[in-house]
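Enquirer: can't give you the sequence, but here's the structure:
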């Protein structure tokens, strides 16, 4: 990063990547470079000129708010807002799925290390499967709740940072977390039915859902709670801005 | 003599539109021209200039184009037709304001 990079990143920290940010970065770079050269022509040293050019730009904390407001104004109405919302949703769901699998993979690696035999293969897909279905004393907490909660938190954090213009971030984030909850629950139910192949499919699915009802209710409530918490945090930042 | 920031803040739009009515300019150039022509009376925080210009652009009063210079991309601003009309309107308003303020400060009565 060059001498002006830190300042530019600081003032544009809340402006997401895209056309407006790229254009503004170039404008600020050009401005700072012109100012630095002018100060050096006036007899300042390189270091003095850089420091003075940055000082003349103004207080970064105040500028951060001004650039965020300018970016919001530059958005062309509802279509852009919808596009941003969809991008945040798709990104959030990908982050949650990725986090979920990563944690299972780490859990599988730990399990493998704890139980490995000499010459035991350690292929990534084996680790992943062992993390998912490994014998963790059948504890729902270790096998499912911990990865679930961490994945939801990662997704909520990701979306709260990207939903700059949403008027109801809590609702939007909660809804995305519930979608993640739905497909993970459906996947687990399907997996349970495959695992209990001696029972008819729908009976196995029903048994899974009923026997783990408290777990499903708890994780669903967690989606709403996390969505509300991260959404409110975003709303507070909006008000401050 | 330093002028109260709040007093000069309201005139930034008029100044920028007026400067751009003369020729297309880039951000740093606008800051320099503003300081030079006003003999340093009108100054704005350099970092605040761009959000201000972007707002004028969003309102359709100015538009911009990029041009490569010394291996660096430089963005120039120019006045639009709507901007020219807004400038005429603001110049008239400013003249009325100055006359009225002058009368008050001189203590003239009608």
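Expert: The structure has been received and is ready for your questions. Given the structure is predicted, the values throughout are model-derived calculations rather than measurements.

Enquirer: is any part of the longest helix along chain A close to chain B?
Expert: Longest helix in chain A, counting residues (DSSP state H): helix A:77-115. No - counting by Cβ under 8 Å from any Cβ of the partner chain, chain B has no neighbours in helix A:77-115; the shortest distance is 11.6 Å. The way it works is simple: take the backbone N, C-alpha and C, and place the C-beta from them, glycine included.

Enquirer: show me what that helix is packed against.
Expert: If contacts are counted by 3 or more Cβ pairs under 8 Å, 6 or more residues apart in numbering or on different chains; DSSP states H and E, helix A:77-115 sits against helix A:124-133, helix A:146-162, helix A:169-195.

Enquirer: so of those helices, which one's packed in deepest?
Expert: Most buried of those, by mean neighbour count (mean count of other Cβ atoms under 10 Å in any protein chain shown): helix A:146-162, with a mean of 22.

Enquirer: mind checking the SS state of residue A:16?
Expert: coil (DSSP: H, G, I helix; E, B strand; the rest coil).

Enquirer: for chain A, what are the nearby residues on chain B?
Expert: Within chain B, the residues that sit near chain A (Cβ under 8 Å from any Cβ) are B:26-28, B:45-51, B:54-55, B:58, B:66, B:72-75.

Enquirer: let's go with 6 Å and repeat that
Expert: Counting by Cβ under 6 Å from any Cβ of the partner chain, chain B comes close to chain A at B:27-28, B:45-48, B:50-51, B:54, B:58, B:72-75.

Enquirer: returning to what we had before: what's the closest of the helices and strands packed on helix A:77-115 to residue A:220?
Expert: Between residue A:220 and those, the tightest spacing by Cβ to Cβ is seen for helix A:169-195, at 5.7 Å.

Enquirer: now do the closest one and helix A:146-162, the angle between them.
Expert: Calculated by axes from the mean of the first three to the mean of the last three Cα atoms, to 10 degrees, helix A:169-195 forms an angle of 150 degrees with helix A:146-162.

Enquirer: okay, the angle between helix A:169-195 and helix A:77-115?
Expert: On the basis of the same axes, to 10 degrees, helix A:169-195 is oriented at 40 degrees to helix A:77-115.

Enquirer: what's the mean pLDDT across helix A:169-195?
Expert: Averaged across helix A:169-195, pLDDT comes to 83.

Enquirer: beyond it, next helix or strand please.
Expert: Moving toward the C-terminus from helix A:169-195, the next helix or strand (DSSP states H and E) is helix A:201-211.

Enquirer: show me what that next one is in contact with.
Expert: Helix A:201-211 is contacted by residues A:189, A:192, A:193, A:196 when judged by Cβ atoms under 6 Å, 6 or more residues apart in numbering or on different chains.

Enquirer: quick revisit: buried stuff in the longest helix of chain A?
Expert: A:81, A:84-85, A:88-89, A:91-93, A:95-96, A:99-100, A:102-105, A:107-109, A:111-112 (16 or more other Cβ atoms under 10 Å in any protein chain shown).

Enquirer: just the buried residues of stretch B:82-98, please?
Expert: Quick answer for stretch B:82-98 (16+ other Cβ under 10 Å): B:83, B:86, B:87, B:90.

Enquirer: residues touching the spatially closest residue to the second one that is not a sequence neighbour, list them.
Expert: So that's residue B:86. Nearest non-adjacent residue to residue B:86, counting by Cβ to Cβ, 6 or more residues apart in numbering or on different chains: residue B:61, 5.3 Å away. Going by Cβ under 6 Å, 6+ apart, residue B:61 touches B:82, B:83, B:86.

Enquirer: next: residue A:15.
Expert: By Cβ under 6 Å, 6+ apart, residue A:15 lies in contact with A:21, A:67, A:71.

Enquirer: which one of those is nearest chain B?
Expert: Nearest to chain B out of the contacts of residue A:15 is residue A:67 (Cβ to the nearest Cβ; 5.8 Å).

Enquirer: other SSEs contacting the strand or helix carrying that closest one?
Expert: Assigned by DSSP H and E, residue A:67 belongs to helix A:60-74. If you count contacts as 3 or more Cβ pairs under 6 Å, 6 or more residues apart in numbering or on different chains; DSSP states H and E, helix A:60-74 packs onto helix A:5-11, helix B:46-58.

Enquirer: residue B:14 is nearest to which of those?
Expert: In terms of Cβ to Cβ, the element of those nearest to residue B:14 is helix B:46-58, at 11.2 Å.

Enquirer: neighbouring contacts of that closest one?
Expert: Outside helix B:46-58, the residues that touch it by Cβ under 6 Å, 6+ apart are A:27, A:56-58, A:63, A:66-67, A:70, A:73-74, B:27, B:31, B:62, B:77.

Enquirer: which parts of chain B are helices?
Expert: In chain B, the segments counted as helices under DSSP H are B:5-9, B:12-22, B:27-37, B:46-58, B:81-106.

Enquirer: any chance of these in a markdown table with mean pLDDT as columns?
Expert: Shown next, in a markdown table, are those (pLDDT from 0 to 100):
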| stretch | mean pLDDT |
| --- | --- |
| helix B:5-9 | 66 |
| helix B:12-22 | 92 |
| helix B:27-37 | 90 |
| helix B:46-58 | 90 |
| helix B:81-106 | 90 |
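
Enquirer: okay, and for chain A, where does confidence drop off?
Expert: Along chain A, the parts satisfying pLDDT under 70 run over A:1, A:76-81, A:111-143, A:164-167, A:234-241.
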